[in-house]
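> Sequence plus the predicted model coming up.
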Amino acid sequence: MTGRHTKDSQETKFLLEKYAPVSNTEDEQIIEVLDSLTLHTKMPGQSTAVFLNDVARAIYKAFGFKEVSIGAKDREGIFKCVAMVGFRDEVKTSRQKLSYTLAEMMDARAYPSTRVNKIVEIHLIDDMPLKEGGGDMYNRPSLIGKERPSPDSMVEGDYIEFSVLGPSDELLGWIEMSGPRDGKFPSRSTIKWLEFISTITAACLKLKEPTKERHAADTSVHVET
């Protein structure tokens, strides 16, 4: 050591402020989110529902979406919504009743989209006419059908879906987000970050593949969303 500084020195104060454990920039917040999610790889026995709720809340917090939902495949191979953040209680109830087979999940005619890459699809409400009773799935159904202000605007009913794929590209679930706080489609970098989160989610889901004991925990846990 070439010298010593007291805890009250200008240099020490500068260093403590510069490297304070507070996320000030967007990138720092994202890295903090990723760091928190990777901790789940060390907790394979944790409930899948609790884990996916943490993922949904992390995306909600770091990426400026008002609504985030995540679905996963159950022991019978049926896909259901497991975690939701930002939705009205009535909407949560309606969405929790939905279930899909793998064939239904892969039906491009039923769910038309613009495919950005292997795991990212953008669904526009313009391509999916609202069915009778379908308003129960949206926070603000009265806004559906309103004119899109500009091509880069996301409107009520639009959503972005990330497929959560296993090591053999098998579908494990999905991450869906809508309602960006700035009203715009996210940046390319945001999409890339979310792709990375989808990959982490897939790795953790494989670690948490159901056992009898874990299935009992998942079906009994109540997750507050």
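Looks like it came in fine.

> quick one: average pLDDT of the one helix or strand residue 11 maps to?
According to DSSP states H and E, residue 11 maps onto helix 10-18. Averaged over helix 10-18, pLDDT sits at 75.

> I figured residue 113 hits residue 120, correct?
No. If you go by C-beta atoms under 8 Å, residue 113 and residue 120 don't touch, sitting 9.3 Å apart. Heads up, the C-betas are built off the backbone N, CA and C, glycines and all.

> which residues do the two both contact?
residue 161 (C-beta atoms under 8 Å, 6 or more residues apart in numbering).

> for this structure, what spans make up the helices?
Applying DSSP state H to the chain gives helices spanning 10-18, 26-38, 48-63, 89-96, 102-105, 188-207, 212-220.

> tell me the most buried of these?
helix 48-63 (a mean of 21; mean count of other C-beta atoms under 10 Å).

> Figure out which of the helices of the chain is closest to residue 179.
Counting by C-beta to C-beta, residue 179 lies closest to helix 48-63 out of these; the figure is 10.0 Å.

> who touches that closest one?
By C-beta under 8 Å, 6+ apart, helix 48-63 touches 26, 29-30, 32-33, 36-37, 40, 43, 65-66, 68-70, 72, 82-86, 173, 175, 177, 186, 190, 193-194, 197, 201, 204-205, 208, 210, 214, 218, 221, 223, 225.

> list the contacts for residue 172?
With C-beta under 8 Å, 6+ apart, residue 172 has these contacts: 72-73, 164-166, 202, 205-206.

> Kindly report the same for residue 171.
Neighbouring residues of residue 171 by C-beta under 8 Å, 6+ apart: 73, 79, 102, 105-106, 163-165.

> By neighbour count, which of these wins?
When neighbours are taken as other C-beta atoms under 10 Å, the top entry among the contacts of residue 171 is residue 164 (26 neighbours).

> hmm, back to that, quickly check the contacts of residue 172 for the two that are furthest apart.
The most widely separated members of those, counting by C-beta to C-beta, are 72 and 165 (12.3 Å).

> Turn the contacts of residue 172 into CSV, columns for pLDDT.
As requested, those are exported to CSV (pLDDT from 0 to 100):
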residue, pLDDT
72, 96
73, 94
164, 97
165, 96
166, 94
202, 93
205, 89
206, 87
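
> Which one of these is nearest to residue 13?
residue 202 (43.5 Å).

> who are the neighbours in contact with that closest one?
For residue 202, counting by C-beta under 8 Å, 6+ apart, the contacting residues are 164-166, 172.

> Leaving out the residues flanking it, which one is nearest to it?
residue 164 (4.8 Å; C-beta to C-beta, 6 or more residues apart in numbering).

> Pull the number of nearby residues for residue 156.
Counted with other C-beta under 10 Å, residue 156 comes out at 17.

> how about the nearest residue to residue 126, chain neighbours excluded?
residue 148 (7.5 Å).

> Count the neighbours of that neighbour for me.
13.

> Number of residues surrounding residue 147?
By the criterion of other C-beta under 10 Å, residue 147 has 6 neighbours.

> Any idea how many residues pack against residue 98?
Neighbours of residue 98 (other C-beta under 10 Å): 12.

> from now on call the first residue 150
Got it, first residue is 150 now, which makes that one residue 247.

> how far away is it from residue 357?
In this view, residue 247 and residue 357 are 22 Å apart by C-beta to C-beta, to the nearest Å.

> Ok, residue 236 next?
24 Å.

> That concludes my questions; thank you for your assistance.
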